[in-house]
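*Asks:* I would like the atomic coordinates for the input below:
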Amino acid sequence: MQSKFPSRLLPYLLLSPSIVIVIVFLIIPSLQSLYLSFFRVSPFGDRLIYVAIDNFTNLLTPDYLNSFIVTVVFTGAVVVVGLVVCLALALAANQKVAGIGLYRTGLIWPYALSPAVAGTIWALVFDPSTGAFSYFISLASGAMPNWRTNGPFAVVVITLAATWKMVGYNVIFFLAGLQTIPRELIEAAEIDGAGPLKRFWNITFPLLSPMTLFLLIMNTLYGFFQVFGLIDVMTEGGPARATEVLVYKLYYDGFISLKTGYASAQSIVLFAFVAGLTLLQFRFAKRWVFYQ
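*Replies:* Have a look, this model is predicted:
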């Protein structure tokens with residue numbers, strides 16, 4: 001028996017707060033950015049000069065292309081490393097052992113930290129002079145590259161920090177997916193002689209594919225949009241723009257260099273690129289996602 005709302009207006013009233021938030025904080029700013037992307041704006045915002053698509057053609061400069069490449073490499077590393085590591089941690093957290101609740105809590109708590117706090121923690125532990133990780137790495141290798149002046153190593157450090165920040169989020173969803181898999185399927189495969197690795201690839205991983213697709217999309221969005229605080233605290237886009245991802249470049253050009261029109265064009269391109277990438281993920285994921 002289907003339940004009915006006592007009033008036809010009630011569903012719209014319940015949805016109205018979410019709709020208002022989307023309109024005020026997404027649709028209106030997006031339209032405003034699209035409008036400003038066709039203008040050169042004075043530093044004080046009191047004068048607009050129409051420049052057509054010049055702000056978009058200026059995105060073909062080496063600086064912007066460098067930020068684009070850095071973002072793609074960084075996001076790809078965060079997605080691949082993060083999902084692989086977090087799936088392994090979720091498999092371990094799904095075991096019935098003593099103290100498993102404490103173990104799961106320890107995995108989840110990094111996600112509760114703000115990006116600024118997470119960035120501060122990693123900046124301290126990797127500090128070239130006093131950091132604990134730096135000390136142990138120097139003991140093991142005999143040398144410790146300074147990530148504040150070494151571009152490739154700085155990318156590695158922020159990738160590790162961003163991956164660690166998302167561990168709790170990924171583990172929660174992987175763990176939820178693992179706990180919905182019927183135990184009878186695993187036991188039947190075990191009786192048939194399937195080993196742990198074969199049971200994982202033929203049963204567990206296919207049944208986790210919807211959750212994996214969801215986390216693939218969410219981690220991609222995280223890598224493109226939600227790492228500003230982490231990078232601002234740790235590297236400020238340096239050294240020599242080695243960690244200047246697109247969202248940080250957008251902030252720098254819009255709020256530091258006061259190139260509002262140019263930054264607006266960047267925001268439109270970034271939004272369109274990520275939206276297209278998400279649609280492609282949905283399109284091609286149908287071939288391997290198992291929903292039944």
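
*Asks:* Contacts for stretch 240-257 next, please.
*Replies:* When contacts are defined by CB atoms under 8 Å, 6 or more residues apart in numbering, stretch 240-257 is touched by residues 63-64, 66-68, 70-71, 74, 151-152, 154-155, 158, 224-225, 227-228, 231-232, 234-238, 259-260, 262-264, 266-267, 270. C-beta: built from backbone N, CA, C; applies to glycine.

*Asks:* Pull out the buried residues from these.
*Replies:* Buried by 16 or more other CB atoms under 10 Å: 64, 67-68, 70-71, 74, 151, 154-155, 158, 224, 227, 231-232, 234-235, 237, 259-260, 262-264, 266-267, 270, out of the contacts of stretch 240-257.

*Asks:* element containing the spatially closest residue to P115 that is not a sequence neighbour?
*Replies:* Spatial nearest neighbour of P115, excluding adjacent residues (CB to CB, 6 or more residues apart in numbering): G229 at 3.1 Å. G229 belongs to helix 228-234 when assigned by DSSP states H and E.

*Asks:* now that helix, how far from the chain's geometric center?
*Replies:* From the chain centre to the centre of helix 228-234 is a distance of 13 Å (CA atoms, centre = their mean, to the nearest Å).

*Asks:* Show the subsequent helix or strand relative to that helix.
*Replies:* Taking DSSP H and E, what comes next after helix 228-234 is helix 246-251.

*Asks:* Report the buried residues of whichever helix or strand comes after that following helix.
*Replies:* With elements assigned by DSSP H and E, the helix or strand that comes after helix 246-251 is helix 260-285. For helix 260-285, burial by neighbour count (16+ other CB under 10 Å) applies to 260-271, 274, 278, 285.

*Asks:* ok, these vs Y103, which is closest?
*Replies:* Nearest to Y103 among these is A285, at 30.8 Å by CB to CB.

*Asks:* Excluding chain neighbours, give the residue nearest to Y64 in space.
*Replies:* Counting by CB to CB, 6+ apart, the residue nearest Y64 is K249, at 7.0 Å.

*Asks:* State the distance from that neighbour to L91.
*Replies:* 38 Å (CB to CB, to the nearest Å).

*Asks:* out of those two, which sits in the busier spot?
*Replies:* K249 (23 against 17; other CB atoms under 10 Å).

*Asks:* separation between that one and V41?
*Replies:* 17 Å.

*Asks:* cool, and G82?
*Replies:* From G82 over to V41 (counting by CB to CB), the distance is 37 Å.

*Asks:* who touches V157 in this structure?
*Replies:* Contacts for V157 (CB under 8 Å, 6+ apart) come out as W122, F126, W147, M234.

*Asks:* and these, which two are the farthest apart?
*Replies:* W122 and W147 (9.9 Å).

*Asks:* Neighbour count for the two, which is higher?
*Replies:* In terms of neighbours (other CB under 10 Å), W147 is the more surrounded of W122 and W147; the figures are 26 against 23.

*Asks:* Count the residues that sit near P29.
*Replies:* P29 has 13 nearby residues by other CB under 10 Å.

*Asks:* Tell me the helices and strands packed up against the helix or strand it falls within.
*Replies:* Assigned by DSSP H and E, P29 belongs to helix 28-36. For helix 28-36, the elements it packs on are helix 260-285, judged by 3 or more CB pairs under 8 Å, 6 or more residues apart in numbering; DSSP states H and E.

*Asks:* quick one: the strands in the stretch 1-150 of the chain?
*Replies:* 39-41, 48-50 (DSSP state E, counting those that start in this stretch).
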